[in-house]
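In: Turn this into a model:
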Amino acid sequence: MSDYPLHTLETAPEKSRSLLEASQKEMGMIPNLHAVMAESPSVLEAYQTLHQLFLDSSFDDDEKTVVWQTINVENACHYCVPAHTGIAKMMKVSDDITDALRDEKPLPNDRLEALRTFTLAMMNKRGNVSEEDLQAFHDAGYSRQQVLEVILGLSQKTLSNYTNHIAETPVDKPFEKFRWSKS
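Out: As a prediction, this is how the structure comes out:
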């Protein structure tokens, strides 16, 4: 069992308190991931910043979900898969997309499947993708900007997935109904 605390506004290091307040204001709660990350104000700030930057990327909500959940599933993140299932529902992403990602089944369209394939290539090849990987991504209609934005998504999810593995972060109550484990 992990010994990482779930910080509150009262127990968090001073530099993390305003960051937790921002989480509470934006989401109506302090997600357990943020409560764990509060142990390191720098990590929590980096995560929140990367999250906002990825939200502001050129990807639409379906595509953001594909990048996030592809990484979450590949990393077998017990916390992020259910959390991003709930987030996808809030973003009005089709259950067909969410279920395919969670179950590692083909996505409902070739463009999204190309995004998943490229995201996996970036992860599994540690960024050393081939010209063929890049060409397939571009042939699906994605830009050089979006190649870099996949890396941005990987950066965000590396922070969260690895933190959740180490801290054994409990799934937040609103997302418990979306519990998941890698098959």
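In: which residue sits closest to the most centrally placed residue in the chain, ignoring its sequence neighbours?
Out: Geometric centre of the chain, nearest residue: Trp68, 3.9 Å, by Cα atoms, centre = their mean. Distances taken as Cβ to Cβ, 6 or more residues apart in numbering place His84 nearest to Trp68, at 5.0 Å, with adjacent residues excluded. (Each C-beta comes from the backbone N, C-alpha and C, glycine too.)
In: Is it correct that that neighbour is in contact with Asn72?
Out: Yes: if you go by Cβ atoms under 8 Å, His84 and Asn72 touch, sitting 5.9 Å apart.
In: quick revisit: helix or strand: which one has the residue nearest to Trp68?
Out: helix 80-90 (DSSP states H and E).
In: So which residues lie in contact with that helix, not counting its own?
Out: Where contact means Cβ atoms under 8 Å, 6 or more residues apart in numbering, the residues beyond helix 80-90 that reach it are 31, 33, 61, 65, 68-69, 72-73, 95, 97-98, 102, 157, 160-161, 164, 171-172, 174-176, 178-180.
In: If you count neighbours, what's buried in the strand or helix carrying Thr163?
Out: Taking DSSP H and E as the definition, Thr163 sits inside helix 144-167. Going by neighbour count (16 or more other Cβ atoms under 10 Å), the buried part of helix 144-167 is 146-147, 149-150, 152-154, 156-157, 159-161, 163-164, 167.
In: How about stretch 97-109?
Out: Of the residues in stretch 97-109, 97-98, 100-102, 107 count as buried by neighbour count, 16+ other Cβ under 10 Å.
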